[in-house]
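**Q** pasting the sequence and the predicted coordinates here, then a few questions.
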Amino acid sequence: MNRLIRISIMSAGLALPLAPATAQHEGHADHAAHMAADPIATATASPSRTPANVARDPYRHPVETLRFFGVTPQQTVVEYAPSGGWYTEILAPLLRDKGSLIALQPSGRYLDRYKGFLATRPDAYDKVKLVAFPEDAATITAGSVDTVLTFRNVHNMVMSGTEASTFKTFYNVLKPGGILGIVDHRLPEDRDAALEKNSGYLKTSTVRRIAEAAGFEYVGSSAINANPKDSADWPKGVWTLPPTLSHGDMDKAKYQAIGESDRMTLKFRKPL
């Protein structure tokens with residue numbers, strides 16, 4: 001009798017791991033189904049992405065940001081000033097089969113850098129169309145683009161005085177009803193506007209004014225990329241914070257604890 005009890009207990013013990021293993025298998029299946037149903041999440045999980053870029057996802061929220069802007073795999077998308085290719089690593093696989101990605105890259109050293117980036121993965125980036133800005137912008141057919149995206153670049157336009165002409169290009173290439181999605185470092189509205197010329201931060205009202213002057217209508221904003229820890233008053237502007245850390249090792253732990261900048265996420269539309 002004791003021997004039978006021992007056998008029963010052993011059998012039950014052997015059977016116990018099966019339940020969590022089955023649940024784990026079902027969890028993987030659910031995850032796979034979710035990824036298949038969410039092409040942006042699938043593209044964000046692309047093996048072509050570099051680990052250093054993946055590590056910044058908690059600050060840049062690519063899945064939520066692209067969803068907010070309404071990007072889909074069937075669209076023609078222009079990314080203005082992709083530079084190091086952070087978002088290209090996601091947009092290229094997302095748009096590769098059914099859509100089109102146009103990289104509108106300002107001329108200069110970053111143009112060569114971006115060419116080098118594309119060459120690192122010809123299997124992943126072979127369908128990205130690189131267009132030098134401004135000299136070749138006219139090669140993009142007017143009214144042919146579904147979405148224009150630019151990440152942390154409007155402050156550079158403001159500092160160089162090129163915002164009006166650049167936004168005019170955005171407006172021209174977009175279809176009626178097309179979307180302009182902008183992410184940039186946010187300057188509190190009560191700060192001196194002169195800071196927009198050297199800090200890397202911009203007021204939301206400034207970006208709205210630039211976009212609306214170009215003909216865009218404001219759709220809305222999202223707090224996806226907000227960071228309340230960022231006071232936007234750093235000695236070397238936004239570059240004080242990660243990922244640049246312009247002070248080097250000085251107060252590095254302090255700035256890393258704050259994280260990347262507080263960012264506005266704004267959505268505009270070209271009127272129908």
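**A** Everything's here; your move.
**Q** which stretches of the stretch 101-250 of the chain form helices?
**A** For the stretch 101-250 of the chain, the helices defined by DSSP state H, counting those that start in this stretch occupy 109-120, 122-125, 154-160, 163-173, 204-213.
**Q** so which of the ones you listed gets nearest residue 193?
**A** helix 204-213 (7.4 Å; CB to CB). (Glycine included, C-beta is placed from N, CA and C.)
**Q** in that closest one, what counts as buried?
**A** Across helix 204-213, burial judged by 16 or more other CB atoms under 10 Å covers 204, 206-208, 210-211.
**Q** returning to what we had before: nearest to residue 198, of the helices of the stretch 101-250 of the chain?
**A** Here helix 154-160 is closest among the helices of the stretch 101-250 of the chain (CB to CB), at 7.1 Å.
**Q** what sits against residue 90?
**A** For residue 90, the contact set (CB atoms under 8 Å, 6 or more residues apart in numbering) comprises 40, 43-44, 46, 49, 62, 66.
**Q** give me the phi and psi angles of it.
**A** phi -100, psi -40 (degrees, to the nearest 10).
**Q** ok, so what distance separates it from residue 50?
**A** Applying CB to CB, to the nearest Å, the value for residue 90 to residue 50 is 12 Å.
**Q** cool, residue 195 as well?
**A** For residue 195, the distance to residue 50 - CB to CB - is 33 Å.
**Q** wait, residue 59 touches residue 260, no?
**A** Yes: under the criterion of CB atoms under 8 Å, residue 59 makes contact with residue 260 at 3.9 Å.
**Q** the more surrounded of those two?
**A** Set side by side, residue 59 and residue 260 show more neighbours around residue 260, with 22 against 15, by other CB atoms under 10 Å.
**Q** show me the protein divided up by domain.
**A** Per automatic domain parsing, the domain ranges recorded for the chain read 1-37, 51-269.
**Q** turn the ones you listed into a markdown table, columns for mean pLDDT.
**A** Below are the domains of the chain laid out as a markdown table (pLDDT from 0 to 100):
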| stretch | mean pLDDT |
| --- | --- |
| domain 1-37 | 45 |
| domain 51-269 | 97 |
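**Q** deepest of these, which one?
**A** The highest mean neighbour count among the domains of the chain, using mean count of other CB atoms under 10 Å, belongs to domain 51-269: a mean of 18.
**Q** between the helices of the stretch 101-250 of the chain, which gets nearest to residue 148?
**A** helix 163-173 (4.7 Å).
**Q** and the angle from the closest one to helix 204-213?
**A** With axes from the mean of the first three to the mean of the last three CA atoms, to 10 degrees defining the directions, helix 163-173 sits at 50 degrees from helix 204-213.
**Q** send me helix 163-173 as CSV with only the CA atoms.
**A** Output of helix 163-173 as CSV, limited to C-alpha atoms (Å, rounded to 0.1, in the frame of the first residue of the first chain):
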residue,chain,number,x,y,z
GLU,A,163,11.9,75.9,-41.2
ALA,A,164,9.7,77.7,-43.7
SER,A,165,11.2,76.2,-46.8
THR,A,166,11.5,72.7,-45.3
PHE,A,167,7.8,72.7,-44.2
LYS,A,168,6.8,73.9,-47.6
THR,A,169,8.5,70.8,-49.0
PHE,A,170,6.6,68.6,-46.5
TYR,A,171,3.3,70.2,-47.6
ASN,A,172,4.0,69.8,-51.3
VAL,A,173,4.9,66.1,-51.2
